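*Asks:* Could you work out the structure for the sequence below:
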Amino acid sequence: MVQLTWTHYIYVIIILIIIAAIILKRDVALICILGIGIIGFMATGSLLKAVGVIYKAITVSGKEFIDIIIIISLVNAMSKALSDIGADEIMISPIKRLMLNKTMAFFILGITMMIISWFIWPTAAVVFIGAIMVPAAIKVGLPRIWIAVALCLFGKGAALSSDFFIQGAPATTARSAGINDTFEIVKASIPFWSTMCIASSITAFILMKLNTRVSLVDEAGETAVTEDKRVKGSKTISVLTIGMFILNILFMILFKIKGEEATALIGGTAVLILIFAVIAKFGLIEALGEFTGYIRNGFMFGTKIFAPIIVIGAFFFLGSEDTANRILGSEASGLLTDVSMYVSSKVRLSRISAITMQGIISIMVGVSGSGFGGIPLVGTLARAFSTSIDVSIEKIAAFGQVITVWIGGGTIIPWSVVPVAAICEVTPIELAKKNLIPVAVGVAVTFIVGLIWI
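*Replies:* The predicted model follows:
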């Protein structure tokens, strides 16, 4: 039987403090650092070693996330290069012609945002399609606020919570849950993801149709002009980009490429497209220098996104046995796993109570406004629950991932919807309010599915 020590109790108290800080809309990176130091001191009994534990924990966390950071950085560099030669406009222009009315504009804009976000990350996708498709949607009568809602729900919600191709979200979930095959998380997430997407998008569409207080046409959008950045070869590269990613998908299916191998395929393809785009814009000689600039900016973006996640993850990795061993030493155990096993031996932890706890905590960590920042916690909790009761670790981890990212990834938190609000020229507060009911309905329905399917 597991015996809890003061280290376990302090670890749980720190987690509660982190959750309270999240509810109060405060950053938690500093709390996590201090928490690592406190746990390090209690586990080692040495202040000097505790200082070293802080660094070691961040290093272990960084190693866990490094491949995710690299793929996102490379894809961001590729998307910037494509935008600089106007290839983004060429790829999207055929889709833009399909927007004949408000209904078609809402769903075509949303689905396009989702597909592009799967390959180049939602924040980049907003810029990638905003200047081209937003004016077209306005022209057929779709108000700016509902354009912004579509971009948020389908990009920051649907695409980011699934992340089927880059696999940053499922890989993060898998690492923190101790699952070796990322595809298991992807597969387990599909029922929750589908439910969340359908419920939230239909709710948003119904609200849009019922909303009679907004003007039907925004004349400002009709005069929008985008700069012609096309160079010789832009059209060829746009076709090549689409073709190469379609081939990636076919190869994944035919040769059963998944997990890290699938990520490697996407990353290598992104680098090749980046090279072609830079050469097309600058020529072979100048490209030798300019290529470095794109890589540098891409990695600056990736580091900016994941720097706080590495620190937050460092604390929660103390909860899992394998990472705790690497941070605190071979004698260390997973603190959160121990607590879960102890609680389950004293209190009957049922499947329903575990799912309920996972859902509530996923909502609370999502409120922090960083969807990825909460994933290490829900992944670690999934592992703890699975060791205590008969519940699928993949399903309960995927359940937590979908809810956490939908809430925190950039739908209902005002400061996380700023990029979309800026592109659509609406206020972040107004956009977050419009997203609140669709997301709340989606979470409620997804929770019901979780109780039935997990």
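*Asks:* Next one: residue 307 from residue 298, what distance?
*Replies:* Between residue 307 and residue 298 the distance is 15 Å, computed by C-beta to C-beta, to the nearest Å. Using the backbone N, CA and C atoms, a C-beta is placed for each residue, glycine as well.
*Asks:* Could you check which of those two has the larger neighbour count?
*Replies:* Using other C-beta atoms under 10 Å, the more surrounded residue of residue 307 and residue 298 is residue 298, with 24 against 13.
*Asks:* what secondary structure does residue 142 sit in?
*Replies:* With DSSP: H, G, I helix; E, B strand; the rest coil as the basis, residue 142 sits in coil.
*Asks:* how close does it sit to residue 173?
*Replies:* According to C-beta to C-beta, residue 142 stands 34 Å off from residue 173.
*Asks:* swap in residue 237?
*Replies:* 34 Å.
*Asks:* Check residue 280 too.
*Replies:* Taken as C-beta to C-beta, the span from residue 280 to residue 173 is 37 Å.
*Asks:* Phi, psi for residue 140 please.
*Replies:* With angles defined as degrees, to the nearest 10, residue 140 sits at phi -90, psi 10.
*Asks:* Contact partners for the closest residue to it other than its chain neighbours?
*Replies:* For residue 140, ignoring the flanking residues on the chain, the nearest one in space by C-beta to C-beta, 6 or more residues apart in numbering is residue 105 at 5.1 Å. Going by C-beta atoms under 8 Å, 6 or more residues apart in numbering, residue 105 touches 99, 136, 137, 140, 141, 142, 147.
*Asks:* Can I get the residues you listed in JSON lines including pLDDT, distance to residue 191 and neighbour count?
*Replies:* Shown next, in JSON lines, are those (pLDDT from 0 to 100; distance: C-beta to C-beta, whole Å; neighbours: other C-beta atoms under 10 Å):
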{"residue": "99", "pLDDT": "83", "distance to residue 191": "31", "neighbour count": "22"}
{"residue": "136", "pLDDT": "79", "distance to residue 191": "34", "neighbour count": "23"}
{"residue": "137", "pLDDT": "86", "distance to residue 191": "31", "neighbour count": "26"}
{"residue": "140", "pLDDT": "84", "distance to residue 191": "34", "neighbour count": "17"}
{"residue": "141", "pLDDT": "85", "distance to residue 191": "35", "neighbour count": "14"}
{"residue": "142", "pLDDT": "89", "distance to residue 191": "30", "neighbour count": "28"}
{"residue": "147", "pLDDT": "93", "distance to residue 191": "29", "neighbour count": "28"}
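*Asks:* Distance to residue 403 added to those residues, as CSV?
*Replies:* Shown next, in CSV, are the contacts of residue 105 (distance: C-beta to C-beta, whole Å):
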residue, distance to residue 403
99, 31
136, 33
137, 29
140, 33
141, 33
142, 28
147, 25
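*Asks:* pretty sure residue 62 is in contact with residue 309, am I right?
*Replies:* No. Using C-beta atoms under 8 Å, residue 62 makes no contact with residue 309, being 10.0 Å away.
*Asks:* Stretch 24-32 spans what distance, first to last residue?
*Replies:* Using C-alpha to C-alpha, to the nearest Å, the end-to-end distance of stretch 24-32 comes out at 16 Å.
*Asks:* I should have written stretch 385-401 there, sorry.
*Replies:* Stretch 385-401: ends 15 Å apart by C-alpha to C-alpha.
*Asks:* quick one: buried residues of that stretch?
*Replies:* Neighbour counts over stretch 385-401 (16 or more other C-beta atoms under 10 Å) mark 385-388, 391-401 as buried.
*Asks:* Quickly name whichever of those residues is closest to residue 365.
*Replies:* Of all these, residue 365 sits closest to residue 400, with 8.7 Å by C-beta to C-beta.
*Asks:* ok, that closest one touching residue 380?
*Replies:* No. Residue 400 is beyond contact range of residue 380, at 9.9 Å (criterion: C-beta under 8 Å).
*Asks:* Next, work out how far apart residue 454 and residue 164 are.
*Replies:* Counting by C-beta to C-beta, the gap from residue 454 to residue 164 is 20 Å.
*Asks:* Tell me which of these two has more neighbours.
*Replies:* Taking residue 454 and residue 164 together and counting by other C-beta under 10 Å, residue 454 has the greater number of neighbours (21 against 18).
*Asks:* any idea how far the closest residue to that one other than its chain neighbours lies from residue 177?
*Replies:* Counting by C-beta to C-beta, 6+ apart, residue 395 is the residue found nearest to residue 454 once chain neighbours are left out, at 4.5 Å. For residue 395, the distance to residue 177 equals 11 Å [C-beta to C-beta].
*Asks:* close enough to count as contact, residue 438 and residue 197?
*Replies:* No. Counting by C-beta under 8 Å, residue 438 does not reach residue 197; the two are 10.4 Å apart.
*Asks:* Who has more neighbours out of the two?
*Replies:* Neighbours were counted for residue 438 and for residue 197 using other C-beta under 10 Å; residue 438 has more, 26 against 23.
*Asks:* Look up which helix or strand the more buried one falls in, please.
*Replies:* When elements are assigned from DSSP states H and E, residue 438 belongs to helix 428-453.
*Asks:* Which positions within that helix qualify as buried?
*Replies:* Buried residues in helix 428-453, counting neighbours by 16+ other C-beta under 10 Å, are found at 428, 431-432, 434-435, 438-443, 445-447, 449-450.
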